[in-house]
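Trainee: sequence unknown, structure follows:
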């Protein structure tokens, strides 16, 4: 459920980015992404890790059938979120001038209240995830993205129209900047309204179930009731490592934004507006596309935490290792073909989704090609980070992320200062960062739980199947291009053919069985179809 919702949410997010990019332009997208990078890091530090932490804490109590303590933890987490969310929102609003360049300050201030709202939403999502009930979070994610997309595009156009009295791009530089800022502010408003809609939905779901939740807690025969002090110590001890890990894991975006948008123009004598536009292409287009398949690994990571926590609480390491193996294999089956496909069709994918990028298609496609490799690496490192947190190694991902962050920052500075790679250098550094994280986390999981991933069916056969798939789809793409001149028209049939070819190859290589298929989005229906045609 989380995987399907995550992928659908990313696709919705991608679809609205195209009209939004046309409305606010690369400069507006650059201001939006600059503010979004620092909004994200404050969100990560304060609220983003709350669902995973709450899920882990409550799942541990549910495994012991301590329903009263589980509910007390939920209430304590809610109070914690209110306090932390309020402080974080105030820091972002009143300290906006410390984080971003002057033009992006109004955009960042629009983002500020969203952190408070998200902290409450995170507690509700984590509570239901702890019960292995993912549908509530899944539906709320889709609602959030739909509202986000509609309001972002509508508000961006409205803000520009009200300020500029026209949608035309002004000829003067000051007018262009003002137009871009107003458009970015409208888009930022969409993010907040998306969170509001998701919060309303989750609150209604909880209210519907509240009577049964409270009744179960009251009837719990558990003698040992956690004190208020124990509850807040537990929350702090678990949430803090989650926050630190997530923050360090994602802090590369604001760091790279500062280096590229503010320092790079000085080093290479580039106009800051040009650097901001290029940053918009990298983070607002190429990175948005590469993040779509990563949604599956993020969903798998969220879903796997309470399950492995239960196995560890029951001291059932064999089951934990089996669940880890299935999680990694399922993630790789999705991530590897996505990476190969994005690398092969980088340029036509960008032109299909962002038609206005054609003047900068070389830079955009090269960024996406570099990021395609990171799809597999980020997916693997994200999943392993959650696994380490599930088995109690809360600080190991933090140390690994910190090592990777330092190395990637050094590489970013060197490439930007001494080469002419422009924003492509940031894409290379990001991929390097993902590689270091993936290796360190994989080794840590092996040491912690005695787990060793099977290599052939998890990595080798999906990669071979992906290469054959891309050869077939690229052949069809070139054949269609002989009849039409538009790459976008040729791309769609190539993608349609690629998906069944890949999964038929997996079945032919005996890479997947029923257990693996059930872990994939739509797996149960796929099994029924394959049995009818006698393929399994």
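Mentor: Sure thing, it's come through. Remember, it's a predicted structure, so these values are computed and weren't measured experimentally.

Trainee: hey, let's count contacts and neighbours off CA atoms from now on
Mentor: Fine.

Trainee: hmm, who's touching whichever strand or helix holds residue 525?
Mentor: Taking DSSP states H and E as the criterion, residue 525 maps to helix 523-532. The contact list for helix 523-532, computed with C-alpha atoms under 8 Å, 6 or more residues apart in numbering, reads 514, 517, 518, 536.

Trainee: Ramachandran coordinates for the first one?
Mentor: With angles defined as degrees, to the nearest 10, residue 514 sits at phi -60, psi -40.

Trainee: That one: what's it in contact with?
Mentor: Contacts of residue 514 (C-alpha under 8 Å, 6+ apart): residue 527.

Trainee: separation between it and residue 109?
Mentor: Using C-alpha to C-alpha, to the nearest Å, residue 514 is found at 49 Å from residue 109.

Trainee: So what's the residue count around the closest residue to residue 278 other than its chain neighbours?
Mentor: Take residue 278 and drop its neighbours on the chain: the residue closest to it by C-alpha to C-alpha, 6 or more residues apart in numbering is residue 423, 6.5 Å away. Neighbour count of residue 423, defined by other C-alpha atoms under 10 Å: 27.

Trainee: before we move on, what about residue 524?
Mentor: Neighbours around residue 524, by other C-alpha under 10 Å: 14.

Trainee: before we move on, what about residue 269?
Mentor: If you count neighbours by other C-alpha under 10 Å, residue 269 ends up with 9.

Trainee: And it, how close does it get to residue 309?
Mentor: 52 Å.

Trainee: And for residue 518?
Mentor: For residue 518, the distance to residue 309 equals 21 Å [C-alpha to C-alpha].

Trainee: ok, the residue nearest to residue 278 touching residue 261?
Mentor: No. With contact defined as C-alpha atoms under 8 Å, residue 423 does not reach residue 261; the gap is 9.7 Å.

Trainee: Which neighbours do these two have in common?
Mentor: residue 279.

Trainee: picking that back up, please give me every residue in contact with the residue nearest to residue 278.
Mentor: 260, 278, 279, 282, 363, 367.

Trainee: Got phi/psi on it?
Mentor: Torsion angles, degrees, to the nearest 10, at residue 423: phi -70, psi -20.

Trainee: isn't residue 108 right up against residue 40?
Mentor: No. Here residue 108 does not reach residue 40: they are 10.4 Å apart, not a contact under C-alpha under 8 Å.

Trainee: quick one, which of the two is more surrounded?
Mentor: residue 108 (29 against 21).

Trainee: Just give the closest residue to that one, not the sequence neighbours.
Mentor: With sequence-adjacent residues excluded and distances taken as C-alpha to C-alpha, 6+ apart, residue 108 is closest to residue 35, at 4.9 Å.

Trainee: mind pulling up the phi and psi values for the one you found?
Mentor: phi -70, psi -40.

Trainee: next helix or strand past whichever helix or strand residue 210 is part of?
Mentor: Element membership for residue 210 (DSSP H and E) is helix 173-218. Next helix or strand after helix 173-218 toward the C-terminus (DSSP H and E): helix 228-250.

Trainee: what helices or strands is that next one leaning on?
Mentor: When contacts are defined as 3 or more C-alpha pairs under 8 Å, 6 or more residues apart in numbering; DSSP states H and E, helix 228-250 sits against helix 50-63, helix 67-94, helix 396-418.

Trainee: mind checking which of those helices is nearest residue 146?
Mentor: Each of those has some distance to residue 146 by C-alpha to C-alpha; the shortest is helix 50-63, at 21.0 Å.

Trainee: How far does the closest one sit from its chain's centre?
Mentor: With C-alpha atoms, centre = their mean, to the nearest Å as the basis, helix 50-63 stands 21 Å off its chain's centre.

Trainee: And stretch 256-264, by the same measure?
Mentor: Offset of stretch 256-264 from its chain centre (C-alpha atoms, centre = their mean): 22 Å.

Trainee: And the contacts of it?
Mentor: Contacts for stretch 256-264 (C-alpha under 8 Å, 6+ apart): 34, 37, 100, 270, 272, 275-276, 279, 409, 412-413, 416-417, 423, 426.

Trainee: go again using 6 Å as the cut-off
Mentor: 275, 276 (C-alpha atoms under 6 Å, 6 or more residues apart in numbering).

Trainee: what mean pLDDT does that stretch have?
Mentor: When pLDDT is averaged over stretch 256-264, the result is 90.

Trainee: Can you measure across that stretch, start residue to end residue?
Mentor: By C-alpha to C-alpha, the extent of stretch 256-264 from end to end equals 10 Å.

Trainee: now swap in stretch 338-356 and tell me
Mentor: Terminal residues of stretch 338-356 are spaced 24 Å apart (C-alpha to C-alpha).

Trainee: what separates it from the chain centre, distance-wise?
Mentor: 19 Å.

Trainee: Give the rounded mean pLDDT of that stretch.
Mentor: 91.

Trainee: Ramachandran angles for residue 453?
Mentor: Dihedral angles for residue 453 - degrees, to the nearest 10 - are phi -70, psi 130.
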